[in-house]
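In: Please find the sequence and the predicted model below.
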Amino acid sequence: MTFVVHRSDEPTARERGAAFGRAHAPAIRHSIAVYDRMFAETGVSAGDIRVPDWAHEELSAMASAADVPLASLLAVNARTEVLAGKGPTECSVVGAGGLLAQNWDWHPALSESTLIWIVETGSGWYVTLCEAGTLAKIGLNDAGLGVCLNLLRSSEDGGHDGTPIHILLRQVLATCRTVDQAIGVLASTKVTASSAVTVAQPGDVATVELSPGGANVIRGSIGAHTNHFLEPPKRGTDTMESVSTVPRLGVVRSAPLLDALRSHAGHPNGVCRHLDESLPWAEQVVTVASVVMNLAALRFHVASGQPCTHEHVQIELPTSPPPIASGPLASTAAR
């Protein structure tokens with residue numbers, strides 16, 4: 001069992017957005033409601049969100065079809081920028097040996113509207129796990145380019161005049177064919193909130209630490225990252241206060257991939273994150289989903305919850321091999 005899968009093959013962004021909005025209106029409204037409450041409880045306001053014309057066209061059609069305000073949908077796509085360091089902390093990423101994996105840790109209320117979106121275009125396809133109403137998050141495209149995201153925080157975060165990171169992730173998945181191309185897009189785009197985007201293909205992995213002061217590009221054989229800067233931000237300081245980010249980084253750097261994703265070291269704040277009920281509602285966080293990508297084989301596996309209790313299930317993609325009959329992740333993780 002896994003999240004709902006939505007498949008798009010419409011020829012234009014407007015038609016794709018409209019079809020998605022019609023199909024997932026209740027889930028989109030749920031995403032908006034959760035973020036409206038999170039914004040209110042953290043004392044932030046969305047304001048005027050700017051997105052590129054191509055994204056505006058798709059989101060406008062989605063909002064109209066789902067009968068929700070466009071401004072609300074823009075705020076959901078810019079939730080990282082709107083929160084600007086407030087709210088939950090998230091995520092553990094590791095990429096090595098042709099695999100790229102992430103536990104997405106975020107507010108448990110968003111599990112209800114999380115889904116998998118597969119988009120086929122005239123030139124290829126991409127798949128992303130995201131909240132209904134956002135254009136992308138964790139993903140893989142037909143060039144074997146995988147993308148993961150970690151939230152960072154810096155003293156320079158703030159403002160809405162950059163490109164929202166979830167819009168930027170869609171741009172990378174839809175337009176980039178190599179790690180170098182992805183680095184070029186990421187490092188040349190203005191952002192107003194800090195994050196780390198790990199991009200990988202077989203034999204090539206890089207993490208781009210984005211912040212308003214500029215980008216750090218970190219390359220190596222392993223693309224491990226959690227929620228603190230590995231290199232000092234270009235301007236300002238790292239303001240992440242998570243007590244678990246350094247221990248989690250040690251786990252994903254040292255343990256076998258699946259063991260790392262299921263690790264409870266530091267429970268409840270391990271790589272496999274469990275709810276700490278003592279936290280205020282707006283700061284609550286769990287592992288909502290776990291993703292493992294085999295970049296060479298074009299396989300995308302998703303666990304629809306904490307990987308300690310939820311199996312990673314292979315998602316059928318347009319050009320990937322059929323799902324493995326037994327042990328859906330075993331042979332992938334062994335490669």
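Out: Perfect, thanks for sending it.
In: mind listing what's buried in stretch 11-25?
Out: Judged by neighbour count using 16 or more other CB atoms under 10 Å, the buried positions of stretch 11-25 are 13, 16-21, 23-25. All C-beta spots, glycine's among them, are computed from the backbone N, C-alpha and C.
In: same thing with stretch 70-87?
Out: Buried, per 16+ other CB under 10 Å, within stretch 70-87: 72-87.
In: quick one on the thing from earlier: reformat the buried residues of stretch 11-25 as JSON lines; add pLDDT.
Out: Formatted as JSON lines, the buried residues of stretch 11-25 follow (pLDDT from 0 to 100):
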{"residue": "Ala13", "pLDDT": "96"}
{"residue": "Arg16", "pLDDT": "98"}
{"residue": "Gly17", "pLDDT": "98"}
{"residue": "Ala18", "pLDDT": "98"}
{"residue": "Ala19", "pLDDT": "98"}
{"residue": "Phe20", "pLDDT": "98"}
{"residue": "Gly21", "pLDDT": "98"}
{"residue": "Ala23", "pLDDT": "98"}
{"residue": "His24", "pLDDT": "98"}
{"residue": "Ala25", "pLDDT": "98"}
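In: Isn't Ala260 up against Val94?
Out: Yes. With contact defined as CB atoms under 8 Å, Ala260 reaches Val94; the gap is 6.1 Å.
In: Val205 reaches Ala224, doesn't it?
Out: No. In this structure, Val205 is not within contact of Ala224 by CB under 8 Å, at 9.5 Å.
In: more neighbours, these two?
Out: Shown here are Val205 and Ala224; by other CB atoms under 10 Å, Val205 has more neighbours (26 against 23).
In: which stretches of the stretch 151-300 of the chain form strands?
Out: For the stretch 151-300 of the chain, the strands defined by DSSP state E, counting those that start in this stretch cover 195-201, 204-210, 216-219, 286-294, 299-303.
In: Among the ones you listed, which comes closest to Ile32?
Out: The closest of those to Ile32 is strand 286-294. By CB to CB, the value is 17.1 Å.
In: quick one: strands adjacent to the closest one?
Out: strand 99-106 (antiparallel), strand 299-303 (antiparallel) (DSSP bridges).
In: ok, which stretches of the stretch 201-335 of the chain are helices?
Out: Assigned by DSSP state H, counting those that start in this stretch, the stretch 201-335 of the chain shows helices spanning 245-254, 257-261, 330-334.
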